[in-house]
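Participant: Show me the folded form of this:
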Amino acid sequence: MRSHGGPMTAPAEPRPDVLAPLRHGPFRALAAGRTLMYFGNGLATVALGFAVLDATGSLVHLGLVVGARSLANVVLLLFGGVLADRLPRALVLQGGCALAALSQGLVAAAVLLGAANLPLLVVLSLVNGAAAAANLPASAALTPQTVPRPLLRQANALVRVGVNIGMLTGMSIGTAIVGGIGPGWAIAVDAALFALAGVCFALLRLPAAAPAADGPAHPLRELAEGWTEFVSRPWVWIVVLQFMVVNATWSGTTAVLGPAIADATFGRVAWGLILMAYSAGLILGGLLAARWQPRRALLFGVVLVAVDAVPMLGLTGTPVPLFLFAAMFLTGVAVEQFTVAWEVSVQENVPPQKLARVYSYDALGSFIALPAGEIAAGPLAEAVGTDAALEGMAALLLVATGAAAASRSVRGLTRR
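Facilitator: A predicted model of the protein is given here:
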């Protein structure tokens, strides 16, 4: 922390370089593995829908396959947190990546050989969802073990930059592969990327640490311990509640109402470019957060989330693509400021042996909110009109953000 003393005070230590975490081998392995995972996720995001439609020709079947993955993820996510707090997290990630590579490899083989059918795709989607449930809390909780504490902010920001670049690159390359040689090959590349990510995590070497838990496993008791840790800090559950509203309104806007408005006005290509502007904003936001964040970083990030309301309101009336492009870019920058501040706040204040379980409760709130927003947006727009729905969602987001920012617990938290 910078000193504010008089002339005789020792000079403050120089601010760590943005790229300083990359000097640590364990961090390089973690960052590479997570980037490859999201590269693969970006490919799958584009390819899976077309693969299922090619195999079954049914939107209902596509919903069942995609829904199976989400269901497994939500049901098993909390137990993924328990697993990551009990076992070495790098080992959990190796197992999760192996499972993801196997399931996606079998999907690719089935599609390429013309053997894909609904039961097989649903089962493999469930397996893939289980792998994701193990990977998410383990990867998030592992960052503090790979760098010294003073580098946590830079480390989290660099991981986020890698994740966002990986996702954006995966979606771009996935689109090219699907259009060029077919979705089966894109899913095969996805499987290979998860296998490579597993290799990165196998190369992750950490100092020996005492086991997080001794004796036989008691998953329900360990889940209860994680819940106690989650609710014992008001700023944690207050921000999670805020983001349940933020994620529901944002997903309803970008996944449902936005595409419908684009179809009726400025077109699909412009909408795609607008979403890419958001991704570019996320990348720049991560780079900015690596260089500087205020001492009350969590409050700063929570307040900036209010920017999400701007593109929501920009979609009302007669939307202007150029304005939406700028608004989505700035929203991406703002959201990433929050994300880095949140990651550092949780990692600095939650005991390491319970960190993955707290992350799993956090992620569960998000995963419940996303489909809730997507399901509710259409009926809401039909009931009150699209513009009124967007204005109502923007107002709800601002109220939730204001309530979180007004919390003494959020306002009082400072980074170390």
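
Participant: Every contact and neighbour count from this point should use C-alpha atoms.
Facilitator: Will do.

Participant: just how off-centre is stretch 300-308 within its chain?
Facilitator: The chain centroid and the centroid of stretch 300-308 are separated by 17 Å under CA atoms, centre = their mean, to the nearest Å.

Participant: repeat for stretch 373-382
Facilitator: Counting by CA atoms, centre = their mean, stretch 373-382 comes out at 23 Å from the chain centroid.

Participant: Buried residues in it, which are they?
Facilitator: Buried residues in stretch 373-382, counting neighbours by 16 or more other CA atoms under 10 Å, are found at 373-375, 377-378, 380-381.

Participant: Among the residues you listed, which one sits closest to Val307?
Facilitator: Using CA to CA, Gly373 comes nearest to Val307 of these, at 18.4 Å.

Participant: That closest one is in contact with Thr249, isn't it?
Facilitator: Yes. Counting by CA atoms under 8 Å, Thr249 is a contact partner of Gly373 at 5.7 Å.

Participant: what residues do those two have in common as contacts?
Facilitator: Residues touching both Gly373 and Thr249 (CA atoms under 8 Å, 6 or more residues apart in numbering): none.

Participant: just to revisit the earlier point, possible to save the buried residues of stretch 373-382 as a markdown table with pLDDT?
Facilitator: Converted to a markdown table, those look like this (pLDDT from 0 to 100):
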| residue | pLDDT |
| --- | --- |
| Gly373 | 84 |
| Glu374 | 79 |
| Ile375 | 79 |
| Ala377 | 85 |
| Gly378 | 84 |
| Leu380 | 89 |
| Ala381 | 88 |
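
Participant: wait, doesn't Gly96 sit right on Ala134?
Facilitator: Yes. Taking CA under 8 Å as the definition, Gly96 is a contact partner of Ala134 at 5.9 Å.

Participant: And the two? Which one has more around it.
Facilitator: Neighbours per residue, other CA atoms under 10 Å: of Gly96 and Ala134, the larger number sits with Ala134, 30 against 27.

Participant: List the buried residues for stretch 409-416?
Facilitator: 410-411, 413, 415.

Participant: Return the member of these nearest to Arg86.
Facilitator: Arg415 (27.1 Å).

Participant: which SS state does the closest one fall under?
Facilitator: coil (DSSP: H, G, I helix; E, B strand; the rest coil).

Participant: any idea where the helices of the stretch 1-150 of the chain begin and end?
Facilitator: 25-56, 59-86, 89-112, 118-142 (DSSP state H, counting those that start in this stretch).

Participant: Any regions of the stretch 151-300 of the chain where pLDDT drops low?
Facilitator: Counting by pLDDT under 70, the stretch 151-300 of the chain shows low-confidence ranges at 207-217.

Participant: all helices for it, in order.
Facilitator: Taking DSSP H, counting those that start in this stretch as the test, the helices found in the stretch 151-300 of the chain are 152-180, 183-202, 219-231, 234-251, 258-264, 268-291, 297-304.

Participant: Ok, the stretch 301-416 of the chain next?
Facilitator: For the stretch 301-416 of the chain, the helices defined by DSSP H, counting those that start in this stretch occupy 309-314, 321-349, 355-384, 386-406, 408-412.

Participant: Mind giving me the packing neighbours of the shortest one?
Facilitator: To tie it back to what came earlier, the one meant is helix 408-412. For helix 408-412, the packing partners by 3 or more CA pairs under 8 Å, 6 or more residues apart in numbering; DSSP states H and E come out as helix 234-251, helix 297-304.

Participant: Redo those helices as TSV? Include mean neighbour count and distance to Phe79.
Facilitator: Output for the helices and strands packed on helix 408-412, formatted as TSV (neighbours: other CA atoms under 10 Å; distance: least, CA to CA, whole Å):
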stretch	mean neighbour count	distance to Phe79
helix 234-251	22	19
helix 297-304	23	27
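
Participant: for Glu229, what are its contacts?
Facilitator: 350, 354, 358.

Participant: Looking at the buried residues of stretch 409-416, spot the one nearest Leu30.
Facilitator: Looking across the buried residues of stretch 409-416 and measuring by CA to CA, the closest to Leu30 is Arg415, at 23.2 Å.
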